[in-house]
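Asker: this one's structure only:
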């Protein structure tokens, strides 16, 4: 019953030292471990009491460093549970994909170990309930990801990896400063205790400063315009599994942190900064969409689309309403599923055509490899926010939140944001359709020979994502019922 | 009842998935049937839906009134989403029409697309599309309606782009989706404004709450909804996608671009009529849009060389006629026209498909003298064109006439709408309305909505602002309608003559196509001919002497003019009489070119600029910071170069300074 993901995380520390002869055995072992973790996550899902989603469940709370009041406090509630499940699922699918399609560059053992450490960090971030512990897990993620980009990346990997780690470390520094500021003032580092106070006992000025520090730190990760430039480089250079995890999970850590840490700890600060956050979010939506419209590289385009989608998530958070936060959490999961799928597909395209450049790939993919093209079409349509698929609900709820934001926020400003964001959604449709028209439509390029069919491992990695996109899109209740309770509790309501 | 409605929506939806995944593999099981596995998967579910929707319509006819049902309630943190359906006269009869047309199209497609490799996915998308349209029709909640609304848009994208090998088709598909999506963005905001304002997304609840909302919000919401309506129903200024959408296979044009999807816009206005009545400004805008669209599109239709584009522009024009009906308060007349138009336009497109299949071309100049070779198509098309032009006693004449009558009334009586007593519904489930000469002004409501409301709400709705279209707009609508009648007759006559009369101009053998196709067309000719008589059951849909005489006269005028020009030289296109304005008509007044210059290119330029900006400014700032940090580090490194002498010198210098300081200050 107790913090089961932790057991999975501990199990994952082993393989780095384990002796396994062939590369394939190592990959199979990694797959097995991540499958076990996924099982643990699923059993956590079943053990979770959906009647009381706002209560922290499956807790583990030990003294860690009593001298400075640190506690090893883990647990999940309705906000973190879906993300935990998403992380476990995506990691498992990445391993499954690697079984057949290992990234070029060898050293499989190291890759497996790094990915498992990455998983520990990601899971830990979502279950940590102590500020310092949160930060530790948050940082754990950076180094493996740096190494993954550095060792298995594309031609420009050195610069991309350096930019990634320096940029995010800078953000982390600010985040730590903000969290310690709150912790020192409030006298505790326990997130549940701090959230329960709803900011009482913290002076107004401290809250504003703390929120700004934490906000910038997390916004680098999210990423929010104009702090996004590490993202396209990192995505373009990273190997497929790296991009999938980067987009599917790492970006969520930023927005999750905003909801979990920054909002409840410094509510006054949040109210002060919310219009700015909303402004930058909306700029991100339109800017990301326009940048996509003129991209030539497939992976780079998907990376910029993340900037736009996370803009919707940030806009939801900026409204400071239950519906807005719900939108953000929904958008997180939807983006994880859809963009994860898109990066898998981009990886497969790159593997088959040897390039991500859309002009070089040419058109007619529906003719040369109809299944790959159909799935690409599905993922794009889901990503542009078609109702009935996962992407839609996050966007529409964010817009609904922006129409009537928190009572202390300027309504006119947010209504303007809503209108601009809606136009951004049109532009989103524009660039995805442009991409589809260039790649899948038109006459097949003459030079391309027969293209490899979609392998079983690829299907295995994609089908769960497709199925979940459909499920969450057709029946949004599954997710909203889980998140609504804790979100209301966040605002001190019932 | 609601479960029955849900069951109407479901079969095509499931069929879409089944067809997408396993259509071709089923072919072995049903060997011998036309169309194979995909054909069966496509046709049977729609037939089931048709039967069920007929039962629904029958039940509503026997026991009128509004029925709503909620499947589940989704809590979003503020306004909940009610996943529910709603059945009343309006939705029952529209649903029936959708199922009929969809079945006709599916059956027709089996023959029309029989050599197509991708028939399976094509049929699956039609199924998905049908189910989305039925969802729009039966939706009881605005967001559920929006789901169906957008899914239709994407299906339309896939179907227009069915033959994606050609770049032109791909471009048409993208354009169709983007233009409608632009309108839909407005529509979605309108839905949110209404829903959040009313505290519910349920359609009934929204209509009840409209009276209590601030006028500005209602007007804004109604105008935003109109953006979506203009997009879907292809009204000015978002009409440009429809003529290009003719790139899709012809049965798709029949289904989407004639009978169903484009009708969704008009249907939604009728559905949310209470909102528009509370926002007279929006109704005035609707009237204005309608006039521009109907006259402009009719002019454009007069000069097209392509048969399908003629029909496309006529669709825009006829939808504008419905919108005009809604603008002057004749809701049931507009819906009546929606139904008759669905019948005769589906007929026209499918018959056109027969001609195209035989002639292998869509150009009018390639036809001629077809009446001898393909009699079934000829007679069906004749009925369809006559109904389009409004020749009595075909269906189009009845419905158009009742709209003209309402517009005339609105124009003559200072823009005030007719009085509608909340009387019992009639056989077809329409609101029963009377045009009364007394000038008492009350808002028009769907009587079935009123029937279930408690008395308090009834009173509120009567206190709602009465509809008062500005007299100028009413006159404009009236005159626009009359001009359109004449123009419609002219282009219908021109098309008819160029296709079926004169000398054959092509090198093909004219004969009726396969039985499956020609019989479907013949079957559709029946409702196109007689649907009008059903209107006789409702007093306001009956023909009126003055208006009918006038419109018949105008039809004769338009058709006669076209005939006279053609008769001078049957080998030439009568459109030559247009003279210098012909290019402008043929290019539809250069709206496309204008948009390309004013919107498309600036956005593309902006996108390119953003990429440069991102690289040269935002990212350069980041990299520059890193470089600056590196240089700063380099500066500091100068001091720590490992040279012992330098360190010692520094140390000594420091000691000297400290000693000097101590000496001086102490």
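Answerer: Sure thing, it's come through. Computed from a predicted structure; not experimentally measured.

Asker: residue in the stretch 201-350 of chain A nearest to chain B?
Answerer: Residue of the stretch 201-350 of chain A nearest chain B, by CB to the nearest CB: residue A:322 (3.2 Å). Backbone N, C-alpha and C define where each C-beta goes, glycine included.

Asker: quick check: closest non-adjacent residue to that residue.
Answerer: Leaving aside its chain neighbours, residue A:322 sits nearest to residue B:77 (3.2 Å; criterion: CB to CB, 6 or more residues apart in numbering or on different chains).

Asker: same question, residue A:159
Answerer: Residue A:159 sits nearest to residue A:233 (CB to CB, 6+ apart), 7.0 Å away.

Asker: and the one you found, that's in a helix?
Answerer: Yes: per DSSP: H, G, I helix; E, B strand; the rest coil, residue A:233 lies within a helix segment.

Asker: give me the neighbour count for it.
Answerer: Residues near residue A:233, counting by other CB atoms under 10 Å in any protein chain shown, number 24.

Asker: mind listing what it touches?
Answerer: Neighbouring residues of residue A:233 by CB atoms under 8 Å, 6 or more residues apart in numbering or on different chains: A:156, A:159, A:160, A:163, A:164.

Asker: just the buried ones among the residues you listed, please.
Answerer: Buried members of the contacts of residue A:233, counted by 16 or more other CB atoms under 10 Å in any protein chain shown: A:160, A:163, A:164.

Asker: ok, which residues in the stretch 351-494 of chain A are in contact with chain B?
Answerer: Counting by CB under 8 Å from any CB of the partner chain, the residues of the stretch 351-494 of chain A close to chain B are A:364, A:366-367, A:381, A:386-388, A:392, A:396-397, A:399-401, A:403-404, A:418-419, A:422-423, A:425-427, A:429-430, A:433-434, A:437, A:440-443, A:476-477, A:480-481, A:484, A:487-488.

Asker: chain B: strands as residue ranges?
Answerer: Assigned strands in chain B, in chain order: B:67-74, B:81-87 (criterion: DSSP state E).

Asker: meant to ask about the stretch 51-200 of chain A, not that
Answerer: Under the criterion DSSP state E, counting those that start in this stretch, strands of the stretch 51-200 of chain A are mapped to A:57-65, A:70-76.

Asker: out of the contacts of residue A:233, which comes closest to chain B?
Answerer: Of those, the one sitting nearest to chain B (CB to the nearest CB) turns out to be residue A:163, at 7.3 Å.

Asker: the closest one contacts residue B:627, correct?
Answerer: No: in this structure, residue A:163 is not within contact of residue B:627 by CB atoms under 8 Å, at 11.9 Å.

Asker: mutual contacts of these two, please.
Answerer: By CB under 8 Å, 6+ apart, no residue touches both residue A:163 and residue B:627.

Asker: show the contacting residues for residue A:114.
Answerer: A:144, A:147, A:148 are the contacts of residue A:114 under CB under 8 Å, 6+ apart.

Asker: and the gap between it and residue A:134?
Answerer: Here residue A:114 is placed at a distance of 21 Å from residue A:134 (CB to CB, to the nearest Å).

Asker: by mean pLDDT, point me to the weakest helix or strand of the chain.
Answerer: You didn't say which chain, so I picked chain A. helix A:4-11 (a mean of 52; mean pLDDT, DSSP states H and E).

Asker: sorry, should have said chain B
Answerer: One helix or strand of chain B scores below all others by mean pLDDT, DSSP H and E: helix B:455-463, with a mean of 30.

Asker: and residue B:554, what does it touch?
Answerer: Counted by CB under 8 Å, 6+ apart, residue B:554 has contacts B:482, B:485, B:486, B:489.

Asker: closest to chain A among those?
Answerer: residue B:485 (36.4 Å).

Asker: any idea how far that closest one is from residue B:298?
Answerer: Distance from residue B:485 to residue B:298, by CB to CB: 9 Å.

Asker: where does the prediction get shaky in the stretch 401-550 of chain B?
Answerer: By pLDDT under 70, the low-scoring segments of the stretch 401-550 of chain B are B:414-468, B:537-540.

Asker: again, 50 this time
Answerer: B:418-466 (pLDDT under 50).

Asker: what ranges does it have for its helices?
Answerer: B:447-452, B:455-463, B:471-500, B:515-530, B:545-568 (DSSP state H, counting those that start in this stretch).

Asker: same question for the stretch 301-450 of chain A.
Answerer: A:322-353, A:358-361, A:365-368, A:370-383, A:390-403, A:411-439.

Asker: dump the contacts of residue B:554 to TSV, plus neighbour count and distance to chain A.
Answerer: Shown next, in TSV, are the contacts of residue B:554 (neighbours: other CB atoms under 10 Å in any protein chain shown; distance: CB to the nearest CB, whole Å):
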residue	neighbour count	distance to chain A
B:482	18	37
B:485	27	36
B:486	20	38
B:489	28	39
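
Asker: any idea of the mean pLDDT in stretch B:650-666?
Answerer: Across stretch B:650-666, pLDDT averages out at 83.

Asker: how about stretch B:556-569?
Answerer: Computed over stretch B:556-569, the average pLDDT equals 84.

Asker: who's in contact with it?
Answerer: B:389, B:485-494, B:497-498, B:572, B:574, B:576-577.

Asker: let's see 10 Å
Answerer: B:298, B:302, B:385-386, B:389-391, B:483-498, B:501-502, B:572-578 (CB atoms under 10 Å, 6 or more residues apart in numbering or on different chains).
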